[in-house]
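Trainee: following is a predicted model, sequence given first.
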Amino acid sequence: MNRVRLYDKTFRTFIPYDDIQKAIDRVAERINADFKDCTDIPVLLCVLNGSILFTAELMKRLAFNCEIVSTKLSSYTGTQSTGEVRQLMGLTADITGKRVIIVEDIVDSGNTIVELQKILAEKGAAKSYICTMLLKPDACRKDLHPEYVGLEIPNDFIVGFGLDYNELGRNLKDIYILDEE
Ligand code: IMP
Ligand code: MG
């Protein structure tokens, strides 16, 4: 399947499943190297809904004891960032004093990550790290330096592997890009 239709838009294959898996392998290797001897229990923070598939793939590769906490944020309608980040569901557990690895599907403008880091600081996290499957460097307007990045992509709208267009497309195995034609 190399073209999909979601509502009024057509998308074509952009990052095949195997390349996504390889990128996640590399990210997991680096996190394992950094955390393997930890004596604390770090938290993986799954940012719903987009990060569900990435978090699942990442966590099964991690070789140290860790916990999963979720929260839900929203900043997109259609194919555009609204610039306003809303927290639709708070953190599902207490993270006071813990090291938190934010697991994001994609860092675009950076607004969501900045909001999350603020929330984590307010809730008393010991430290936070950014782990994102995808990064759009040309879209990022914040001074962010994500510790773990799967793949860098151009400033285009994509769906699949957790990412959506108005909630559709999250179940696609591959990542697709908006087909302008
Ligand atoms: P930011 O706050 O602009 O960095 O955007 C972060 C959130 O917007 C991500 O967690 C995604 O849920 C969503 N998002 C950003 N770019 C895309 C895209 O190309 N397709 C689908 N969702 C996106
Ligand atoms: Mg997201």
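Mentor: That came through fine. Ligands and ions are numbered 1, 2, ... in the order given.

Trainee: please make it C-alpha for all contacts and neighbour counts, starting now.
Mentor: Noted.

Trainee: get me the contact residues on this structure for ligand 1.
Mentor: 50, 75-76, 81, 104-112, 156-159, 163-164 (Cα under 6 Å from any ligand atom).

Trainee: give the ChimeraX command for selecting the buried subset of the residues you listed.
Mentor: Provided next is the ChimeraX selection string for whichever of these are buried by 16 or more other Cα atoms under 10 Å:
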select :50,76,104,105,106,107,108,109,110,111,112,157,158,159,163,164
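
Trainee: biggest helix in the chain, by residue count?
Mentor: As assigned by DSSP state H, the longest helix anywhere in the chain is helix 17-35.

Trainee: what's it packed up against?
Mentor: For helix 17-35, the helices and strands in contact under the criterion 3 or more Cα pairs under 8 Å, 6 or more residues apart in numbering; DSSP states H and E are helix 52-59, strand 148-152.

Trainee: what's the first helix or strand after that helix?
Mentor: strand 43-48 (DSSP states H and E).

Trainee: end-to-end on stretch 84-99?
Mentor: For stretch 84-99, the first and last residues are 26 Å from each other (Cα to Cα, to the nearest Å).

Trainee: mind listing what's buried in stretch 173-181?
Mentor: With burial defined by 16+ other Cα under 10 Å, the residues of stretch 173-181 counted as buried are 173-178.

Trainee: low pLDDT regions in the chain?
Mentor: Counting by pLDDT under 70, the chain has low-confidence residues at 1, 181.

Trainee: would you mind listing the buried residues in stretch 54-64?
Mentor: Across stretch 54-64, burial judged by 16+ other Cα under 10 Å covers 54-55, 57-59, 62, 64.

Trainee: and of the residues you listed, the nearest to ligand 1?
Mentor: Nearest to ligand 1 among these is Phe54, at 11.5 Å by Cα to the nearest ligand atom.

Trainee: in this structure, which spans are strands?
Mentor: Taking DSSP state E to define them, one finds strands in the chain at 3-6, 9-15, 43-48, 67-77, 80-89, 99-107, 127-135, 148-152, 158-159, 175-178.

Trainee: can I get the ones you listed in JSON lines including distance to Gly169?
Mentor: Conversion of the strands of the chain to JSON lines gives the following (distance: least, Cα to Cα, whole Å):
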{"stretch": "strand 3-6", "distance to Gly169": "7"}
{"stretch": "strand 9-15", "distance to Gly169": "10"}
{"stretch": "strand 43-48", "distance to Gly169": "15"}
{"stretch": "strand 67-77", "distance to Gly169": "14"}
{"stretch": "strand 80-89", "distance to Gly169": "16"}
{"stretch": "strand 99-107", "distance to Gly169": "14"}
{"stretch": "strand 127-135", "distance to Gly169": "16"}
{"stretch": "strand 148-152", "distance to Gly169": "19"}
{"stretch": "strand 158-159", "distance to Gly169": "6"}
{"stretch": "strand 175-178", "distance to Gly169": "9"}
